[in-house]
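Q: Starting from these lines, generate the structure:
(2 chains)
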Amino acid sequence: DAGITQSPRHKVTETGTPVTLRCHQTENHRYMYWYRQDPGHGLRLIHYSYGVKDTDKGEVSDGYSVSRSKTEDFLLTLESATSSQTSVYFCAISWMGAEAFFGQGTRLTVV
Amino acid sequence: AQTVTQSQPEMSVQEAETVTLSCTYDTSESDYYLFWYKQPPSRQMILVIRQEAYKQQNATENRFSVNFQKAAKSFSLKISDSQLGDAAMYFCAYKRGAQKLVFGQGTRLTINP
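A: Predicted coordinates for the structure are as follows:
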């Protein structure tokens, strides 16, 4: 299995609080992604990174920010969590022309 | 923007029979990759099969095979000799080079014993 670790695996937070999810890889892959999964929508891309300090927005980036200060870590931050951000979040890693490998997901509940 | 469409939200099949899951995509590119991922109740995303667009031969992995029709932009997954462990959500996905992986909405496959 690809070395990807997401933390935390589960989190319950209150509306309006900041939340940070962490993705850590041991594969030294260049590309890292954050997706959210909701029923009926498949996986939708939030943000992705193509190198240290190089990030770009995906299709559902509003309300989310990311940072990548080193190759192995990609952080997703919800600046002020809302109930619409209740979801399962997946991190993925990839390299040029290849499939993505996924972490085990983080279930986030905003109450 | 590239889009991926899975028109079958749910499918069911009898154990040991064959089932085909459909996927269509929209792209103006000629060089890209297509994938099928399986997501069992454990939530883990598992790569089932991949297809390079420049290859005319359809990919196969044991009981899993694809029917890749590049001109029609169609990429269906055939599961032969279905097993109870094949029950899962299946996602079709598209990727071009270093760009993002784009997913379809998924098909929930049920295996009837």
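Q: I'd guessed residue A:44 sits against residue A:58; true?
A: Yes: the criterion here is Cβ atoms under 8 Å, and residue A:44 meets it with residue A:58 at 7.1 Å. Placement of C-beta: from N, CA and C, glycine included.
Q: where do the contact lists of these two overlap?
A: Common contacts of residue A:44 and residue A:58 (Cβ atoms under 8 Å, 6 or more residues apart in numbering or on different chains): residue A:35.
Q: residue ranges with poor pLDDT in chain A?
A: A:1-2, A:97 (pLDDT under 70).
Q: Longest strand in it, please.
A: Of all segments of type strand in chain A, defined using DSSP state E, the longest is strand A:42-51.
Q: what sits up against that strand?
A: By Cβ under 8 Å, 6+ apart, strand A:42-51 touches A:30-38, A:55-61, A:64-66, A:68, A:74, A:76, A:89-90, B:6, B:91, B:98, B:100-106.
Q: host element of the residue nearest in space to the middle of chain A?
A: Centroid check for chain A by Cα atoms, centre = their mean gives residue A:34 as the closest residue, at 3.0 Å. For residue A:34, the enclosing helix or strand under DSSP states H and E is strand A:31-38.
Q: Check which residues of that strand are buried.
A: A:31, A:32, A:33, A:34, A:35, A:36, A:37 (16 or more other Cβ atoms under 10 Å in any protein chain shown).
Q: again with stretch A:84-93
A: Those would be A:85, A:86, A:87, A:89, A:90, A:91, A:92, A:93, for stretch A:84-93 by 16+ other Cβ under 10 Å.
Q: Residue A:36 is in contact with the third one, correct?
A: Yes: with contact defined as Cβ under 8 Å, residue A:87 counts as touching residue A:36 (4.4 Å).
Q: Which residues are in contact with the spatially most central residue of chain B?
A: Centrality entry for chain B: nearest residue to the mean C-alpha point is residue B:36, 3.4 Å, by Cα atoms, centre = their mean. Residues near residue B:36 by Cβ under 8 Å, 6+ apart: B:21, B:23, B:47-50, B:64, B:66, B:75, B:77, B:90-93.
Q: Please name the bridge partners of it.
A: Taking DSSP bridges as the rule, residue B:36 bridges to residue B:49, residue B:92.
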